[in-house]
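K.L.:
Give me a model of this one.
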Amino acid sequence: MQVRKAVIPAAGLGVRFLPATKAQPKEMIPIIDKPTIQYIIEEILASGIREILIITGRGKRAIEDHFDVSPELEYHLQSKGKQEVLERMRQIADMADIHYVRQKEPRGLGHAVLCARSFVGNEPFAVLLGDDVVRSETPCLKQMLDQHARLGGSVIALEEVPREDVSKYGVIKGEQVESRLYRIEDLVEKPPVEEAPSNLSVMGRYILSPRIFDLLAVTTPGAGNEIQLTDALRRLVREQPLYGYLFEGRRYDVGNSLGYLKATVEFALELPDVKEQFARYLRDTVGKL
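P.N.:
Below is the predicted model:
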């Protein structure tokens, strides 16, 4: 069955970026001049999906406002003759069919995904986490959709991490069945290095069977007293094929300071108007260290 819908959980409190996220959604923190969530939505659209649900929470109204029409701003831009900027603002408002559901309290990623049940219905769907921005020739989500179309089962994006860092991630236990493709047997959340079954970490892109909703509905709170998506996936793998795909591309974990800085610097080095001056500034600055 074709995947027609995508879900973006965006109800988290953003504690890793406090105090910046005290009154501003972490998903709206910009990389250069574009909020991180817009990069995620652009990836979804480039992958051929048009129906998008964003799971929001208290204090997240700015996300809805960003993707809505702003008559006052448009009037101001038009009156000042800033037609190019005006067109960019209109494109943002028209870019996708976006829906919103509020997660009333932070009960974990699994609970946030469960909030999408009515929107998704009985069909496979995509989940994209806003902390992971991926740059690749073929959109990461499109790579996964191609695998899902071929295999039929649920697919999770994977990334190789240094062995000493596996305790920071959820990792898989599985068998490689093709180049870049693994049949998952189990998932382990943040295992000790000596107990990790692999160095293949779960990254924030999923194509999931609707069966996951039934499993999430009976999943009891786990780590952090939250309903964990990983716990439901561990049950899903006992019932249905679950694959891990080692995607092609570069991932930026913009949910932490170092990943955010890497993305900002590398994206800035691609801007035609400033890249040469910025590169020179970086060389000069690094040279003084």
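K.L.:
dump the residue contacts of Glu64.
P.N.:
Contacts of Glu64 were listed using Cβ atoms under 8 Å, 6 or more residues apart in numbering, and they are Thr56, Tyr100. C-betas here are computed from N, CA, C, even on glycine.
K.L.:
again, only using 10 Å
P.N.:
Applying Cβ atoms under 10 Å, 6 or more residues apart in numbering to Glu64 gives the contacts Ile54, Thr56, Ile98, Tyr100.
K.L.:
Quick check: the last one vs Met203, distance?
P.N.:
In this view, Tyr100 and Met203 are 25 Å apart by Cβ to Cβ, to the nearest Å.
K.L.:
Between the two, which has more neighbouring residues?
P.N.:
Met203 (24 against 16; other Cβ atoms under 10 Å).
K.L.:
helix or strand for that one, which one?
P.N.:
Under the criterion of DSSP states H and E, Met203 resides in strand 200-208.
K.L.:
Skip ahead from that strand and say which helix or strand is next.
P.N.:
Defined by DSSP H and E, the subsequent element after strand 200-208 is helix 211-217.
K.L.:
where do the strands sit along the stretch 101-250 of the chain?
P.N.:
125-128, 132-135, 154-160, 170-178, 181-189, 200-208, 242-246, 250-253 (DSSP state E, counting those that start in this stretch).
K.L.:
Adding mean pLDDT, write those strands out as CSV.
P.N.:
Shown next, in CSV, are these (pLDDT from 0 to 100):
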stretch, mean pLDDT
strand 125-128, 98
strand 132-135, 93
strand 154-160, 96
strand 170-178, 92
strand 181-189, 93
strand 200-208, 95
strand 242-246, 97
strand 250-253, 94
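K.L.:
deepest of the ones you listed, which one?
P.N.:
strand 125-128 (a mean of 25; mean count of other Cβ atoms under 10 Å).
K.L.:
Show me what it pairs with in its sheet, parallel or antiparallel.
P.N.:
According to DSSP bridges, strand 125-128 has the following sheet partners: strand 5-9 (parallel), strand 200-208 (antiparallel).
K.L.:
Only alpha carbons, please: show the last one as CSV.
P.N.:
Written as CSV, here are the backbone C-alpha positions of strand 200-208 (Å, rounded to 0.1, in the frame of the first residue of the first chain):
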residue,chain,number,x,y,z
LEU,A,200,23.7,0.6,13.9
SER,A,201,21.7,3.3,15.6
VAL,A,202,18.0,4.1,15.0
MET,A,203,17.7,7.5,13.3
GLY,A,204,14.6,9.7,13.3
ARG,A,205,12.9,8.4,10.1
TYR,A,206,10.3,5.6,10.2
ILE,A,207,7.8,4.0,7.8
LEU,A,208,5.4,2.1,10.1
